[in-house]
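Peer 1: would you be able to build a 3D model of this:
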Amino acid sequence: MDAASQELERLAQRAAAGDRGAVDVLIARYLPELHAFVRLRAGPVVRARESSSDIVQSVCREVLEHIDRFQFPSESAFKQWLYTTALRKILNRHDYWLAQKRDAQREIGLGANASGSFDEGALLDCYGRFSSPSHGAVRREELERIERAFEQMPEEYREVITLAHLVGLSRAEIAQQLGKSEGAVRVLLHRALARMSSILSGPGTGGEGE
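Peer 2: All right, here's what the predicted structure looks like:
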């Protein structure tokens with residue numbers, strides 16, 4: 001384990017002991033990935049109606065307010081707690097908006113501003129871990145291009161990509177979470193990335209999902 005990983009493990013141990021300062025440092029470390037995770041997992045229903053920055057802030061606030069619930073002193077456990085909290089909030093907001101059946105006027109314009117004041121360059125850096133950049137596109141267009149492609153893939157593909165390239169779980173950890181073998185996870189991730197590349201290289205980021 002390198003020095004950086006050792007430091008993250010020490011911070012996680014301090015966080016499990018109730019050290020709020022350690023939690024602050026860990027959240028700051030994972031903030032770009034958390035924002036990218038929220039953008040991608042929110043999907044078009046939530047992303048068109050709410051700022052992903054607001055959801056991220058809500059996640060961070062909840063984690064800080066309930067640090068006593070974090071009982072497993074490891075970096076991996078902290079990341080999973082952080083992203084599980086984010087996914088729960090996303091699902092709650094998704095269910096809320098579906099139930100409300102707001103009219104279309106509520107949606108117009110917000111999607112274009114959904115990244116809020118967050119650094120779009122940092123968001124693209126996260127997306128670049130699993131996608132091919134389009135050098136001719138401006139940042140906002142590139143973000144939307146990748147998000148459209150992501151939405152065209154099966155749920156299982158979306159999940160394994162975010163777990164591997166945003167949450168940063170090992171293949172063994174993903175296998176445990178998905179109830180699969182490590183070999184099956186490697187195959188699934190390979191297929192997911194190949195599908196993502198195929199969609200992005202298609203005309204207009206189009207193509208039909210599987």
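
Peer 1: what about the longest helix in this structure?
Peer 2: Longest helix in the chain by number of residues (criterion: DSSP state H): helix 20-47.

Peer 1: from the contact counts, what lies against that helix?
Peer 2: helix 3-16, helix 52-65, helix 75-100, helix 120-127, helix 139-151, helix 155-162 (3 or more Cβ pairs under 8 Å, 6 or more residues apart in numbering; DSSP states H and E). (C-beta placed from N, C-alpha, C; glycine too.)

Peer 1: reformat these as a markdown table; add mean neighbour count.
Peer 2: Shown next, in a markdown table, are the helices and strands packed on helix 20-47 (neighbours: other Cβ atoms under 10 Å):
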| stretch | mean neighbour count |
| --- | --- |
| helix 3-16 | 16 |
| helix 52-65 | 17 |
| helix 75-100 | 17 |
| helix 120-127 | 16 |
| helix 139-151 | 18 |
| helix 155-162 | 19 |
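
Peer 1: can you say which of those helices is nearest to Ile199?
Peer 2: helix 139-151 (4.2 Å; Cβ to Cβ).

Peer 1: touching that closest one from outside, list them.
Peer 2: 39-40, 43-44, 47, 112, 115, 120-121, 123-124, 127, 131, 133-134, 137, 158, 161, 196, 199-200, 205 (Cβ atoms under 8 Å, 6 or more residues apart in numbering).

Peer 1: picking up where we left off before, do you know which of the helices and strands packed on helix 20-47 lies nearest Ile27?
Peer 2: helix 52-65 (5.4 Å).
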